[in-house]
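Chemist: Kindly return the folded structure for what I paste below:
(chains A, B and C)
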Amino acid sequence: MKSENKNFFRKVYEVAEQIPYGRVTSYGAIAKYLGAARSARMVGWAMNGAGSMESVPAHRVVNKAGLLTGKHHFDGTNLMQQLLESEGIKVVENQIQNLEKHFWDPFKELPLK
DNA sequence: GTGGTGACGTACA
DNA sequence: CTGTACGCCACCA
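Modeler: Numbers count the residues shown, from 1 in each chain, chains lettered A, B, ... in the order given. This next block holds a predicted model:
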């Protein structure tokens, strides 16, 4: 089987893995970095598989509004929020506070291709 | 092969 | 600000 088959997912995982501690990013940002700016949904799907990958902190990936849209997919109900708060990120009503301060832009932190 | 759905984003009324 | 609509493309039935 060819791993390249999951090239898209692989890339998403790679970026997600590189998210520093205490930082978060958005699906759109990753999607754009991968060249699929209009396919942010696919990033979310990729994260779906990431749920089984410890190396992929899906809880650090939120939507552009800083909303924990994916918390529904996590184990518990507030697991995602707890993980973020555990990293020093304030989360209220499933929304990240000071998002700009915690936002991690792959374009800025990762080498462009 | 077709259709419905989705952890999104943007646009428009 | 809220609600509605569309696009985008991979996955599933």
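
Chemist: which non-adjacent residue is nearest A:Gln81?
Modeler: Leaving aside its sequence neighbours, A:Gln81 sits nearest to A:Val91 (C-beta to C-beta, 6 or more residues apart in numbering; 4.5 Å). Just so you know, the C-beta spots here come from the backbone N, C-alpha and C atoms, and that holds for glycine as well.

Chemist: how about the residues of chain A near DNA strand B?
Modeler: Residues of chain A that fall close to DNA strand B, judged by C-beta under 7 Å from any atom of the strand: A:26-29, A:31, A:40-45, A:47-48, A:50-51, A:58-59, A:61, A:63-65, A:69-70, A:72-74, A:80.

Chemist: Drop anything exposed from those.
Modeler: When the residues of chain A next to DNA strand B are checked for burial by 16 or more other C-beta atoms under 10 Å, the buried set is A:26-29, A:31, A:40, A:42-44, A:47, A:50, A:58-59, A:61, A:63, A:69-70, A:74, A:80.

Chemist: Filter those down to the ones in helices?
Modeler: A:Tyr27, A:Gly28, A:Ala29, A:Ala31, A:Ala40, A:Met42, A:Val43, A:Gly44, A:Met47, A:Ala50, A:Met80 (DSSP state H).

Chemist: I figured A:Asn98 hits A:Val92, correct?
Modeler: No. Between A:Asn98 and A:Val92 there is no contact under C-beta atoms under 8 Å: 10.7 Å.

Chemist: Around DNA strand C, which positions in chain A sit nearby?
Modeler: Counting by C-beta under 7 Å from any atom of the strand, chain A sits next to DNA strand C at A:Lys6, A:Phe8, A:Phe9, A:Ala36, A:Arg38, A:Ser39, A:Ala40, A:Arg41, A:Met42, A:Trp45.
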